[in-house]
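> fold the following for me, if possible:
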Amino acid sequence: MQTVVTAAELTAAIDEERDLPGCAGLKVAFVPTMGALHDGHLSLVRKAREWADLVVVSIFVNPLQFGAGEDFDKYPRTLEADAALLEAAGADLLFAPTVEVIYPEAAELGVAAGIEAARAKAKLNPALQSGAVGETFEGAARPGHFDGMLAVVARLFELVNPDFAVFGAKDAQQLFLIKRMAAKAFPDLHIIEAPIVRETSGLAMSSRNRYLDETALLVAGQLSKALQVGKAAAETLGAKPSLAVNAARARLDGVPEAKLDYLALVDPSSFEQIDDSFTGRALMLIAAVVGNTRLIDNLTIDFQEPFA
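Residues are numbered from 1 along each chain as shown. Next up, the predicted model:
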């Protein structure tokens with residue numbers, strides 16, 4: 001596996017692969033990450049390999065998507081270990097850019113001023129606006145997060161120019177917004193959704209799980225169990241949406257260590273909350289803080305009339 005840092009090195013490495021005999025129609029799949037890799041990330045690499053000849057993975061901790069008081073400075077940076085994991089998983093090319101490569105404004109103005117200039121520039125592009133969806137759920141808790149995320153993903157798409165991009169289903173709101181942005185700004189790009197990978201406890205894998213001690217990990221595992229209770233209420237007992245939410249919420253009532261932020265059902269096609277008239281496949285979302293760590297998860301639930 002080759003590692004590159006600059007945009008020129010990235011382009012040259014991909015072009016070199018395309019110039020090999022028999023590779024004129026080479027397909028590129030891209031997996032953007034912030035590093036601190038775990039088995040969930042590696043499953044994205046394996047999914048990418050199913051779709052393409054060349055798998056490119058990026059590692060970049062994006063300052064635009066972290067708000068004041070969030071964990072940008074302490075976010076785990078484990079590039080050497082991540083590179084070894086990616087090579088073992090079958091990635092072909094690791095793109096590990098600096099802030100100045102992603103946001104050229106930082107090279108001209110300095111990092112702090114350049115980041116703000118990049119943020120202002122992104123606000124001028126309608127395709128990079130998360131809109132009303134980006135102000136709900138995770139967006140309500142982390143103002144500006146999704147606009148910053150869309151800015152870096154679009155920039156990475158420009159640099160890599162992939163045929164496919166693979167994202168995990170755990171970050172459901174993020175995935176919805178990326179699909180919408182790509183449809184507008186990168187219509188030839190196919191977004192591939194990969195399923196959530198879980199610990200044996202049911203906890204969705206996340207880089208932030210490493211912040212949790214043994215006791216907190218046990219508490220965090222209750223989030224997925226609450227989702228399963230909601231799913232069973234709907235699909236086994238015939239509960240309508242509001243009762244399914246109540247059942248899931250009741251499962252967490254006895255877990256005060258998990259400070260619930262939201263528990264809601266949305267229509268995956270619009271990311272708008274549903275009411276009790278809804279039938280079909282919905283997405284139950286949950287976010288909670290365990291210790292000092294914010295965790296999210298989701299689960300699909302099918303609602304069919306008649307309700308119990």
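
> and this protein, what are its domains?
With automatic domain parsing as the criterion, the domains of the chain are listed as 2-194, 207-300.

> what would those look like in a markdown table with mean neighbour count and mean pLDDT?
All C-beta atoms are positioned from the backbone trio N, CA, C, and that covers glycine. Listed next are the domains of the chain as a markdown table, based on neighbours: other CB atoms under 10 Å; pLDDT from 0 to 100:
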| stretch | mean neighbour count | mean pLDDT |
| --- | --- | --- |
| domain 2-194 | 18 | 94 |
| domain 207-300 | 18 | 96 |
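
> now those as TSV including distance to S201?
What follows is those, written out as TSV (distance: least, CB to CB, whole Å):
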stretch	distance to S201
domain 2-194	14
domain 207-300	3
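
> out of those, which is closest to F307?
Evaluated over the domains of the chain, closeness to F307 peaks at domain 207-300, with 4.0 Å, by CB to CB.

> next one: that closest one to chain centre, how far?
Chain-centre distance of domain 207-300: 17 Å, with CA atoms, centre = their mean, to the nearest Å.

> grab the nearest non-local neighbour of the residue most central in space within the chain.
Residue closest to the average C-alpha location in the chain (CA atoms, centre = their mean): D171, at 4.1 Å. Leaving aside its sequence neighbours, D171 sits nearest to I296 (CB to CB, 6 or more residues apart in numbering; 7.1 Å).

> can you tell me the SS state at the one you found?
strand (DSSP: H, G, I helix; E, B strand; the rest coil).

> show me what it is bridged to.
Counting by DSSP bridges, I296 is bridged to A287.

> does it really touch M284, like I thought?
No - assessed by CB atoms under 8 Å, I296 is found out of contact with M284, at 11.6 Å.

> circling back to that earlier point, can you pull the phi/psi pair for the residue nearest to the centre of the chain?
Per-residue torsions, D171: phi -90, psi 70 (degrees, to the nearest 10).

> what do you get for E199?
Here is the backbone geometry of E199 (degrees, to the nearest 10): phi -70, psi 170.

> tell me the contacts of it?
Neighbouring residues of E199 by CB atoms under 8 Å, 6 or more residues apart in numbering: M205, N209, L217, G221.

> if we use 10 Å, what do you get?
The neighbourhood of E199, defined by CB atoms under 10 Å, 6 or more residues apart in numbering, consists of H38, D39, G40, M205, S206, N209, L217, A220, G221, S224.

> can I get the residues you listed in TSV with distance to D73?
Converted to TSV, the contacts of E199 look like this (distance: CB to CB, whole Å):
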residue	distance to D73
H38	21
D39	26
G40	23
M205	23
S206	18
N209	19
L217	24
A220	23
G221	28
S224	29
